[in-house]
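**Q** quick one, what's the 3D model for this:
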Amino acid sequence: MPRLVISCVLLGLVLAGCIPGREPPAAPLPPVGEARVALERAACEKRGGEFRKAGAGGWVCLMRLPDADKSCRTGADCAGVCLARSMTCAPVKPLLGCNEVITSSGLRVRECVE
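**A** Numbers count the residues shown, from 1 in each chain. As a prediction, this is how the structure comes out:
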């Protein structure tokens, strides 16, 4: 007899989980379009960055670097990149476009970031 009671209780618990309308709440979808851009802008500005249009319809968060315009010999001297022409640290990160930079190992290369 106790097995019958336990079986009935377990069956009742299983069936209780099948009640219509008791589905778990769905996770919200991530924002898209203008709502996503607004969130990214707010996050960028909260970190102290400047949110700008970049390329064909894209956006970028430009962060001002603490060692901007400081003299450098290699990329290891900078928080961002060492600009080959002026031998100074780049003012922002990321540095957009094509620029001659000095790598951390001292090589002069052309770096393009879009």
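**Q** need the contact list for Ala79.
**A** 65-67, 89, 93 (CB atoms under 8 Å, 6 or more residues apart in numbering). C-beta coordinates here come from the backbone N, C-alpha and C atoms, glycine included.
**Q** if we use 7 Å, what do you get?
**A** 65-67, 89 (CB atoms under 7 Å, 6 or more residues apart in numbering).
**Q** can you pick the most crowded of those residues?
**A** Using other CB atoms under 10 Å as the neighbour criterion, Cys89 leads those with 22 neighbours.
**Q** distance check, it against Cys72.
**A** According to CB to CB, to the nearest Å, Cys89 and Cys72 sit 5 Å apart.
**Q** same thing with Glu34?
**A** Using CB to CB, one gets 39 Å for the distance from Glu34 to Cys72.
**Q** lowest average confidence, helix or strand, in the protein?
**A** The weakest-scoring helix or strand in the chain, judged by mean pLDDT, DSSP states H and E, is helix 2-16 (a mean of 55).
**Q** and the next helix or strand past that one?
**A** Later in the chain than helix 2-16, the nearest helix or strand by DSSP states H and E is helix 33-46.
**Q** which helices and strands does the following helix or strand past that following helix pack with?
**A** Using DSSP H and E, the helix or strand that directly follows helix 33-46 along the chain is strand 50-54. Judged by 3 or more CB pairs under 7 Å, 6 or more residues apart in numbering; DSSP states H and E, strand 50-54 is in contact with helix 33-46, strand 58-64.
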